[in-house]
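> Could you look at this predicted model? Sequence included:
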Amino acid sequence: MSILDNLKKIKTELPSEVTIVPISKTHSPEQIMEVYAGGNRVFGENKVNELVEKYELLPKDIDWHFVGHLQRNKVKYIAPFVGLIHSVDSMRLLVEINKMAKRNERIINCLLQVHIAEEDTKYGLSSDELKQTLSSDAYKNLTHIKVVGLMGMATFTDDMEQVRKEFRSLSVLFKDVKSNYFSNSNDFSILSMGMSGDYGIAVEEGSTMVRVGSIIFGDRSYGNK
């Protein structure tokens, strides 16, 4: 099947309200344009340098999402154009994004990343840290970022019941946070969880945005970098 056929297949499997973010890391501009030609305008990258390169090469109506771990000293490179940052895992990073967004005279949409996996290698805020952040005066003073939802990554395991449990915990937290911190905001609406191996379970547990790469593009094309 072609790249476009793969995307169409996933779209038929998912509710129309779920946003599919094709993760195009390591894949060529030509491969991205195959998906673009099918009408998709959202793409995700996890390396700043690669994202900047592709932004400069590809159509400017693409809504670029940054999905990887973001270092504060690299925010400035994507601040002029990034549509959504999925992986905000600290107050210090939020402050830096706000600073660079202000410099570029724009407001940057962000998802706060929550640590739900039983793996130390995954980044993210604990539920307590999340609530402390949203309650803080420092957060309330940020005028150039908008928190529009939460993101989480499940444990890398074959135990799908554990994956489901982790996604469910984030879904419950999302509803709690929306009720207590964003009850008057329609913007807080994104729950980003689920990747190529577990997006079906994620959607069953309430995900509104899935990040899928290999099932659209095939295996990563390291030779294209």
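Sure, I can see it.

> got a list of contacts for the biggest helix by length in the chain?
Ranked by number of residues, the top helix in the chain under DSSP state H is helix 160-181. Applying Cβ atoms under 8 Å, 6 or more residues apart in numbering, the external contacts of helix 160-181 come out as 114, 116-118, 127, 130-131, 134-135, 149-150, 152, 154-155, 157, 188, 191, 193-194, 198, 201-202, 204-207. Where C-beta positions appear, they are placed from N, C-alpha and C, glycine not excepted.

> list the helices and strands the strand or helix carrying residue 134 packs on?
Residue 134 belongs to helix 127-135 when assigned by DSSP states H and E. Using 3 or more Cβ pairs under 8 Å, 6 or more residues apart in numbering; DSSP states H and E as the contact test, the elements touching helix 127-135 are strand 108-114, helix 160-181.

> Please render these as CSV that adds mean neighbour count, mean pLDDT and distance to residue 40 to the earlier fields.
Listed next are the helices and strands packed on helix 127-135 as CSV, based on neighbours: other Cβ atoms under 10 Å; pLDDT from 0 to 100; distance: least, Cβ to Cβ, whole Å:
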stretch, mean neighbour count, mean pLDDT, distance to residue 40
strand 108-114, 25, 98, 19
helix 160-181, 17, 97, 24
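
> Output those in a markdown table, with distance to residue 45 appended to each entry.
As requested, those are exported to a markdown table (distance: least, Cβ to Cβ, whole Å):
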| stretch | distance to residue 45 |
| --- | --- |
| strand 108-114 | 15 |
| helix 160-181 | 23 |
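
> low-scoring stretches of the chain, by residue?
Applying pLDDT under 70 to the chain flags the ranges 121-122, 220-225.

> Nearest the middle, which residue of it would you pick?
residue 86 (3.2 Å; Cα atoms, centre = their mean).

> dump the residue contacts of that one.
Taking Cβ under 8 Å, 6+ apart as the test, what residue 86 contacts is 44, 65-67, 111, 113, 151, 192, 211.

> Nearest to residue 51 among the residues you listed?
residue 66 (6.3 Å; Cβ to Cβ).

> in the sheet, who's paired with that closest one?
Taking DSSP bridges as the rule, residue 66 bridges to residue 45, residue 85.

> That one and residue 40: what is the separation?
If you measure residue 66 against residue 40 using Cβ to Cβ, to the nearest Å, the figure is 17 Å.

> Then residue 115?
For residue 115, the distance to residue 40 - Cβ to Cβ - is 30 Å.

> now residue 59
For residue 59 relative to residue 40 (Cβ to Cβ), the value is 12 Å.

> The two: who's more crowded?
The neighbour comparison of residue 59 against residue 40 (other Cβ atoms under 10 Å) goes to residue 40, with 19 against 10.

> Buried ones in stretch 123-133, by neighbour count?
Of the residues in stretch 123-133, those with enough neighbours to count as buried (16 or more other Cβ atoms under 10 Å) are 123-125, 127, 129-131, 133.

> so how far is it from its chain's centroid?
For stretch 123-133, the separation from the chain centroid amounts to 17 Å (computed by Cα atoms, centre = their mean, to the nearest Å).
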